[in-house]
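**Q** Please work out how this folds:
(chains A and B)
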Amino acid sequence: MFPVAKETALWLAPFFGLAFGWLLERGRVLDYNVIVNQLRLRDFTVLKVMLTAVVVGGIGVFLLVQMGAAQWHLRDANMGGVVLGGLLFGVGMALYGYCPGTGFAAAATGRTHALVGVLGMIAGAIAYAYAFAWLRGTVLAWWNAGRITLADVTGLPMWLLYGLLAVVAVGLFVAIERWEARRRAAA
Amino acid sequence: MSGVALPDAGLAAPVAAEAAPTRWNPYLVGAGIGVLSWLAFVIVAAPIGITTAGAQIAGGVAALFVGQEAVSANAYWARYPMRLDYGTLFLIGTAVGAFLSALLRGGLKVEHVPSVWAERFGPSIGRRFAVAFLGGAIIMFASRLANGCTSGNGISQSLQLAVVGWTFFVTMFASGVATAWLMFRRR
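**A** Next up, the predicted model:
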């Protein structure tokens, strides 16, 4: 039964997208102020959303894979690309105040500056397509570690890593909530 | 721009948001994205992602200027051609979902310059638009270099404990915090 046929998936795609966009909007992460204040370490909404998604999503997907109901969809760890890309991405996100998904969704809620950033994204994608031939022979050829996970790197079993991740995330959330309560009391 | 009058929008915003029932708790939103990931892995076997579709759409835009032949000849667009596939339909759904969510809670608003930006860099629309365009271009270029953005790498790969996901998460966040510090520090 699952996964559904490709044609059925096409019909479902807008609804999955709709749920994602709805969650982002309700979660306040389509607000420039919220994202930039996360990078300024003043508002931890973005980290709460992302890390909870990773922990809840991760443990669920891990169990579903164990049950044979889902498959992993791992991508290559092309280290040159991901390290340089990640560093560059942070610079762009601080300037724009959005990541691609939130910027695109924010543009749909009337934020004109987010829409201008979407035009920038199209320009950036075109620039990348033209730079690709060169990048493929340089940055992307430096070190491709393949489809590896933290289990491959540490030698620890996946279930233990998910357990550790959950413990670290909850500890971090408790610390953030305490810090926010102190900040509110002081204001 | 009405938020400019707030003495510290970064601090005031989360407190005000807690009083507004139309916005959801960030942990709940994160868990919702996690559950959406379960469904995506099981039902359509397609993890949440944004920028692959963005690159495809950029190819469609580029074709308007340089012609379809030139785009098809490009090594990158040959790999990711413009078409209404799962990713592009998901992306359209994201924008519709954000729009509907904002519409139904009365959150649609035209915003040229967000308040946190205006406090630091002034009310100039041109300046905000120029930096938003530049930032948008950078995040898209960087996302393609890293083979994924905050959604595709930061959430969908990290939840599988993939090295590419966590490397992106950490480098993006560190670089974003450093850039925001440089932008917003008091000189």
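
**Q** Okay, buried residues for stretch A:139-149 please.
**A** A:139-140, A:147, A:149 (16 or more other CB atoms under 10 Å in any protein chain shown). (Glycine included, C-beta is placed from N, CA and C.)

**Q** Chain B next: which of those residues are close?
**A** A:139-140, A:147, A:149 (CB under 8 Å from any CB of the partner chain).

**Q** Need phi/psi at residue A:111.
**A** Dihedral angles phi and psi of residue A:111 (degrees, to the nearest 10) take the values phi -80, psi 110.

**Q** ok, it to residue A:147 distance?
**A** 37 Å (CB to CB, to the nearest Å).

**Q** wouldn't residue B:158 be in contact with residue A:61 here?
**A** No. At 11.2 Å, residue B:158 and residue A:61 do not qualify as touching, with contact defined as CB atoms under 8 Å.

**Q** and stretch B:87-96, anywhere near chain A?
**A** Yes. Counting by CB under 8 Å from any CB, chain A is contacted by stretch B:87-96 at B:87, B:89-96.

**Q** Just give me the residue right at the centre of chain B.
**A** residue B:150 (7.2 Å; CA atoms, centre = their mean).

**Q** nearest spatial neighbour of that residue, skipping sequence neighbours?
**A** Take residue B:150 and drop its neighbours on the chain: the residue closest to it by CB to CB, 6 or more residues apart in numbering or on different chains is residue A:99, 3.9 Å away.

**Q** same check, this time on residue A:128
**A** Of all residues not flanking residue A:128 in the chain, residue B:144 sits nearest, at 4.3 Å (CB to CB, 6+ apart).

**Q** Can you get me a residue count around residue 37?
**A** No chain was given, so I picked chain A. 25 (other CB atoms under 10 Å in any protein chain shown).

**Q** To clarify, I was referring to chain B.
**A** Counted with other CB under 10 Å, the neighbours of residue B:37 add up to 27.

**Q** Now for residue A:106: which residues touch it?
**A** By CB atoms under 8 Å, 6 or more residues apart in numbering or on different chains, the contact set of residue A:106 is A:30-32, A:98, A:114, B:98.

**Q** Rebuild those residues as a markdown table, extending it with secondary structure and distance to residue B:115.
**A** Output for the contacts of residue A:106, formatted as a markdown table (DSSP: H, G, I helix; E, B strand; the rest coil; distance: CB to CB, whole Å):
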| residue | secondary structure | distance to residue B:115 |
| --- | --- | --- |
| A:30 | coil | 15 |
| A:31 | coil | 10 |
| A:32 | helix | 8 |
| A:98 | coil | 15 |
| A:114 | helix | 14 |
| B:98 | helix | 20 |
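
**Q** from those residues, which two are the most distant?
**A** By the measure CB to CB, A:32 and B:98 form the most distant pair in the contacts of residue A:106, at 14.0 Å.

**Q** Same drill for these two, tell me which one is more crowded.
**A** With neighbours defined as other CB under 10 Å, residue A:32 and residue B:98 compare such that residue B:98 has more, 30 against 25.

**Q** The more buried one against residue A:110, yeah?
**A** No. Residue B:98 sits out of contact with residue A:110 when judged by CB under 8 Å, with a separation of 10.2 Å.

**Q** Common neighbours of the two, please.
**A** By CB under 8 Å, 6+ apart, no residue touches both residue B:98 and residue A:110.

**Q** Now residue A:143. Its backbone dihedrals?
**A** The phi/psi pair for residue A:143 (degrees, to the nearest 10) is phi -160, psi 100.

**Q** Run through the residues that contact it.
**A** A:78-80.

**Q** ranges for the helices of chain B?
**A** B:9-19, B:26-39, B:51-66, B:68-73, B:75-79, B:86-104, B:115-121, B:125-145, B:163-184 (DSSP state H).

**Q** Looking at these, which is nearest to residue A:2?
**A** Closest among the helices of chain B, once you apply CB to CB, is helix B:26-39, at 9.7 Å.

**Q** buried stuff in the closest one?
**A** For helix B:26-39, by 16+ other CB under 10 Å, it's B:26-27, B:29-38.

**Q** What residue, apart from its backbone neighbours, is nearest residue A:166 spatially?
**A** Closest to residue A:166 by CB to CB, 6+ apart is residue A:55, at 5.4 Å.

**Q** Sorry, slip of the keys, the one I care about is residue A:173.
**A** residue A:48 (6.7 Å).

**Q** Can I get the strand or helix carrying that neighbour in PDB? Just the C-alpha atoms.
**A** Here residue A:48, judged by DSSP states H and E, is contained in helix A:45-66. Coordinates of each C-alpha in helix A:45-66 appear next as PDB, following Å, rounded to 0.1, in the frame of the first residue of the first chain:
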ATOM      1  CA  THR A  45      11.700  29.800  18.800                       C
ATOM      2  CA  VAL A  46      13.600  28.600  15.700                       C
ATOM      3  CA  LEU A  47      15.800  26.200  17.700                       C
ATOM      4  CA  LYS A  48      12.800  24.900  19.600                       C
ATOM      5  CA  VAL A  49      10.900  24.200  16.400                       C
ATOM      6  CA  MET A  50      13.900  22.700  14.500                       C
ATOM      7  CA  LEU A  51      15.300  20.500  17.300                       C
ATOM      8  CA  THR A  52      11.800  19.200  18.300                       C
ATOM      9  CA  ALA A  53      11.100  18.300  14.600                       C
ATOM     10  CA  VAL A  54      14.400  16.500  14.400                       C
ATOM     11  CA  VAL A  55      13.900  14.600  17.700                       C
ATOM     12  CA  VAL A  56      10.200  13.700  17.200                       C
ATOM     13  CA  GLY A  57      10.700  13.100  13.500                       C
ATOM     14  CA  GLY A  58      13.900  11.100  14.000                       C
ATOM     15  CA  ILE A  59      12.700   8.700  16.700                       C
ATOM     16  CA  GLY A  60       9.500   8.100  14.700                       C
ATOM     17  CA  VAL A  61      11.300   7.500  11.400                       C
ATOM     18  CA  PHE A  62      13.800   5.200  13.100                       C
ATOM     19  CA  LEU A  63      11.000   3.100  14.600                       C
ATOM     20  CA  LEU A  64       9.200   3.000  11.200                       C
ATOM     21  CA  VAL A  65      12.300   1.900   9.500                       C
ATOM     22  CA  GLN A  66      12.800  -0.800  12.100                       C
END
